[in-house]
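# task: produce atomic coordinates for the following.
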Amino acid sequence: FFSEIQARPYSVKNVPIDVMQRIWNGLCTTIRNTLASGKGLSLANFGTWSFHVSPLDLGTQKRLLKTPVFTLSEKFSRQYSLQCPRQPAGISGAVPVKDLNVMFIASTSGQPRDLVMTVLKDIFLYVGEMAVSGSPLRLDFHGVGTFTCSSGSCKFSFSPAFSTTFEETLIPSNSAAPASRLRPRTSGTAGQPVAVHGGGVARDDLEPPASQHGHR
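Residues are numbered from 1 along each chain as shown. Next comes the predicted model:
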């Protein structure tokens with residue numbers, strides 16, 4: 001994959017493949033950690049990962065149901081004449097969506113910011129060119145999901161960690177109650193819960209659901 005990107009006429013030629021891999025891994029880690037924190041992330045000119053949110057009122061307790069959603073950028077779709085079926089539930093405006101933090105990827109990969117931006121640009125130019133050609137394409141966002149495209153039709157499939165609906169119990173910020181956890185709503189479905197306080201993230205370390213591994 002990365003060697004094919006290097007072979008493009010206008011790609012950076014002197015970037016080692018292992019450097020490109022580190023930059024790509026940094027992008028995937030950034031998307032994964034952002035979703036795990038309950039927020040969305042927008043990658044300019046490609047797409048946005050976020051959640052569809054549905055409120056659930058249980059009387060004495062209010063909860064939010066969060067379903068991961070990916071939306072392909074309209075600009076990317078038009079530029080490469082791609083069709084990406086919209087999911088029944090779109091991204092909710094109530095979920096904060098962050099722009100990509102290039103400096104974080106530069107720090108984790110140990111590469112200059114300008115090089116990170118150039119490599120990512122080359123990668124998605126290659127993705128667009130392959131997609132518009134009609135050739136089968138599979139792009140793995142490690143730990144997040146897979147973008148596939150064939151004959152101008154594409155889709156994003158979330159990995160098991162995010163391919164379910166999550167449930168978050170809302171706790172008032174002034175409450176002394178223990179933190180709630182964003183955890184899979186369907187019993188037995190793989191997921192990654194996140195501790196939250198009143199809708200704000202307390203920590204983003206990933207723990208197994210209590211229903212599967214017992215209460216801590």
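
# enumerate every residue touching Ile31.
Applying Cβ atoms under 8 Å, 6 or more residues apart in numbering to Ile31 gives the contacts 41, 43, 49, 141, 144. For every residue, glycine as well, the C-beta is placed using N, CA and C.

# ok, of those residues, which one's closest to Ala106?
Comparing the contacts of Ile31 against Ala106 with Cβ to Cβ places Leu43 closest, at 15.5 Å.

# skipping its backbone neighbours, what lies nearest that closest one in space?
Nearest non-adjacent residue to Leu43, counting by Cβ to Cβ, 6 or more residues apart in numbering: Leu100, 5.4 Å away.

# surely the one you found meets Leu41?
Yes - Leu100 lies in contact with Leu41 (Cβ atoms under 8 Å); the separation is 6.5 Å.

# quick check: neighbours shared by these two?
Joint contacts of Leu100 and Leu41 (Cβ under 8 Å, 6+ apart) are Thr30.

# ok, the two, which is more surrounded?
Leu41 (23 against 19; other Cβ atoms under 10 Å).

# any idea how far that one lies from Glu74?
17 Å (Cβ to Cβ, to the nearest Å).

# could you do Leu115 as well?
For Leu115 relative to Glu74 (Cβ to Cβ), the value is 28 Å.

# in terms of neighbours, single out the busier of the two.
Leu115 (16 against 10).

# how much space separates the more buried one from Asp122?
Leu115 is 10 Å from Asp122, by Cβ to Cβ.

# between the two, which contacts overlap?
Val12.

# so which strand or helix has the closest residue to Arg63 other than its chain neighbours?
Excluding its sequence neighbours, the residue lying closest to Arg63 (Cβ to Cβ, 6+ apart) is Leu56, at 4.3 Å. For Leu56, the element it lies in under DSSP states H and E is strand 47-57.

# tell me which residues in that strand are buried?
Residues of strand 47-57 classed as buried under the neighbour-count rule (16 or more other Cβ atoms under 10 Å) are 47-53.

# include distance to Pro85 and pLDDT when you put the residues you listed into CSV, please.
Converted to CSV, the buried residues of strand 47-57 look like this (distance: Cβ to Cβ, whole Å; pLDDT from 0 to 100):
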residue, distance to Pro85, pLDDT
Gly47, 13, 94
Thr48, 16, 93
Trp49, 16, 94
Ser50, 17, 90
Phe51, 18, 90
His52, 15, 85
Val53, 21, 82
